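A.B. asks: What follows is a predicted structure for the sequence shown.
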Amino acid sequence: SLDADSAMIRPAMLDANAARARPIRTFMINAVTALTPGTSLDAAAKLFHEQRITGAPVVDAQCRCVGVLSQPDLLVREGQRSREVGNARDLLVLHGEPTLEDSVLDVDHPEPGVVGDLMTREPLHISGDATLRQAIERMVHHGVHRLMVVDDDKLHGVITSMDVLRMLAPPQPPRDVDGL
């Protein structure tokens, strides 16, 4: 019946409403993987893959958040590199095999680049004292999936849209792997 279903939903909704009012420092990721502007893009891509993350803050020597690098930033770079390589190959086909001195782009050894070249500068941030509701509103308003948690000009953590979903979604019972 509708009343029985509503009774099951209400506790989860109350928990979600209470969670929205709590400060985000209780939800944020404290153990943050951070990059520096001088980190190579190849090293950043490898780190994203190994740690299964989609982005990371970029910090200076004083632990101030100076940027953020995300997977889409790296994918855009790869798309540009692919177009450059494609254009270079088109030139090779149109003009025959150039000598090493005539080569415009070294297709086999592209310029490596560093995080500072691609990072988004001055990323959105929020105080650890802000509520989860404020973090959600900021993410939605700006269309982002992560906020840097900054207090006293220092990076203290990150909160992502997945963190928010984990907090607001009702707990699920463990699945029986053999029963799938």
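C.D. replies: Great, that's in hand.
A.B. asks: Residue 72 sits in which helix or strand?
C.D. replies: helix 71-95 (DSSP states H and E).
A.B. asks: What's the first helix or strand after that helix?
C.D. replies: Scanning onward from helix 71-95 (DSSP H and E), the first element met is helix 115-118.
A.B. asks: That following helix - contacts with which helices or strands?
C.D. replies: Counting contacts by 3 or more C-beta pairs under 8 Å, 6 or more residues apart in numbering; DSSP states H and E, helix 115-118 packs against helix 41-51, strand 65-70, helix 71-95. Every C-beta, even on glycine, is put in place using the N, C-alpha and C of the backbone.
A.B. asks: any low-confidence regions in this protein?
C.D. replies: Residue ranges of the chain with pLDDT under 70: 1-16, 77-112, 170-171, 176-180.
A.B. asks: Name the residues of stretch 47-56 that are buried.
C.D. replies: Of the residues in stretch 47-56, 48, 53, 55-56 count as buried by neighbour count, 16 or more other C-beta atoms under 10 Å.
A.B. asks: Tell me which entries of those lie within helices.
C.D. replies: Those of those mapping onto helices are residue 48, per DSSP state H.
A.B. asks: so how far is residue 38 from residue 60?
C.D. replies: 10 Å (C-beta to C-beta, to the nearest Å).
A.B. asks: rewinding a little: in strands only, show me the buried residues of stretch 47-56.
C.D. replies: Cross-referencing those against strands under DSSP state E gives 55-56.
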